[in-house]
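Asker: Sequence and predicted structure below; questions after.
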Amino acid sequence: RKEVEQDPGPFNVPEGATVAFNCTYSNSASQSFFWYRQDCRKEPKLLMSVYSSGNEDGRFTAQLNRASQYISLLIRDSKLSDSATYLCVVKGTLTGGGNKLTFGTGTQLKVEL
Amino acid sequence: GAGVSQTPSNKVTEKGKYVELRCDPISGHTALYWYRQSLGQGPEFLIYFQGTGAADDSGLPNDRFFAVRPEGSVSTLKIQRTERGDSAVYLCASRPTGSGGELFFGEGSRLTVL
């Protein structure tokens, strides 16, 4: 089983739609969680951290369920510019130390007119 | 520039050759990471440095891969006897101590082994 699992997609949605991505992780002792965004042929960039209480940044909402080892990202009122790959990231895993960041395979989002 | 710099941006080599990829992190960032990314996959962890020492090298696939960071700044990823399966984008990232999970990535070095 992979340490961080995501549905690769692609998710094709119309502009203005709400879309949700899910991610599961295998190590219940993982410390911190993040969503990164990666545009085509570009480097990944931090989108937002994921806090236990859930957190929101504009149109983006991240949730963490430690009991189910599950992380989600919700994008409301999607824009064409949201088209990218969204990477789930977990910090501190079984096979590494506390500062190792493990990336999922990413979920591709395509927002269409 | 102020970002993470990686050279070369593209490297084409023949199977069996030796390759070095260089990473110049953001000034003052003590932590440095190497990842590699194949098409359609997420970045795969290779090694992490804290200062000059490799704090976690659990992701290096085999002994053909080695990385150094002798002065705690620039790092070099070295690949011996390259194989076609080594073809990927090699990403370097840095972060300051205690910054949580924000990694600042370079644009990557695309390695093609023929």
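Answerer: Yep, it's here.

Asker: Parallel or antiparallel, which strands does the lowest-mean-pLDDT helix or strand in chain A pair with?
Answerer: Ranked by mean pLDDT, DSSP states H and E, the weakest helix or strand in chain A is strand A:101-103, scoring a mean of 93. When pairing is defined by DSSP bridges, strand A:101-103 lines up against strand A:84-91 (antiparallel).

Asker: which other residues reach the strand it pairs with?
Answerer: Contact with strand A:84-91 is made by A:3-4, A:6, A:21, A:23, A:25, A:27, A:30-40, A:44, A:47, A:71, A:73, A:98-104, A:106-109, B:42-43, B:100-101, as judged by Cβ atoms under 8 Å, 6 or more residues apart in numbering or on different chains. No exception for glycine: its C-beta is placed from N, CA and C like everyone else's.

Asker: in the chain, which spans are strands?
Answerer: You didn't say which chain, so I picked chain A. For chain A, the strands defined by DSSP state E occupy A:4-6, A:11-14, A:19-25, A:32-38, A:45-50, A:55-57, A:60-65, A:70-75, A:84-91, A:101-103, A:107-112.

Asker: Sorry, I should have been clearer: chain B.
Answerer: Secondary structure of chain B (DSSP E): strands at B:5-7, B:10-13, B:19-24, B:31-37, B:44-50, B:53-56, B:65-68, B:75-79, B:88-95, B:104-105, B:109-113.

Asker: Which of those strands comes out lowest on mean pLDDT?
Answerer: Comparing mean pLDDT over the strands of chain B, the weakest stretch is strand B:53-56, at a mean of 90.

Asker: Can you confirm whether it lies near chain A?
Answerer: Yes - using Cβ under 8 Å from any Cβ of the partner chain, strand B:53-56 reaches chain A at B:55-56.

Asker: OK, contacts around B:G100?
Answerer: A:32, A:49, A:91.

Asker: Quickly note the distance from the residue sitting nearest the centre point of chain B to A:R66.
Answerer: Nearest residue to the geometric centre of chain B (Cα atoms, centre = their mean): B:W34, 3.3 Å. Distance, B:W34 to A:R66, using Cβ to Cβ, to the nearest Å: 29 Å.

Asker: cool, and A:S72?
Answerer: To A:R66, A:S72 is 13 Å away according to Cβ to Cβ.

Asker: Can I get the contacts of B:G100 in JSON lines including pLDDT and neighbour count?
Answerer: Shown next, in JSON lines, are the contacts of B:G100 (pLDDT from 0 to 100; neighbours: other Cβ atoms under 10 Å in any protein chain shown):
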{"residue": "A:S32", "pLDDT": "90", "neighbour count": "17"}
{"residue": "A:S49", "pLDDT": "94", "neighbour count": "18"}
{"residue": "A:K91", "pLDDT": "91", "neighbour count": "19"}
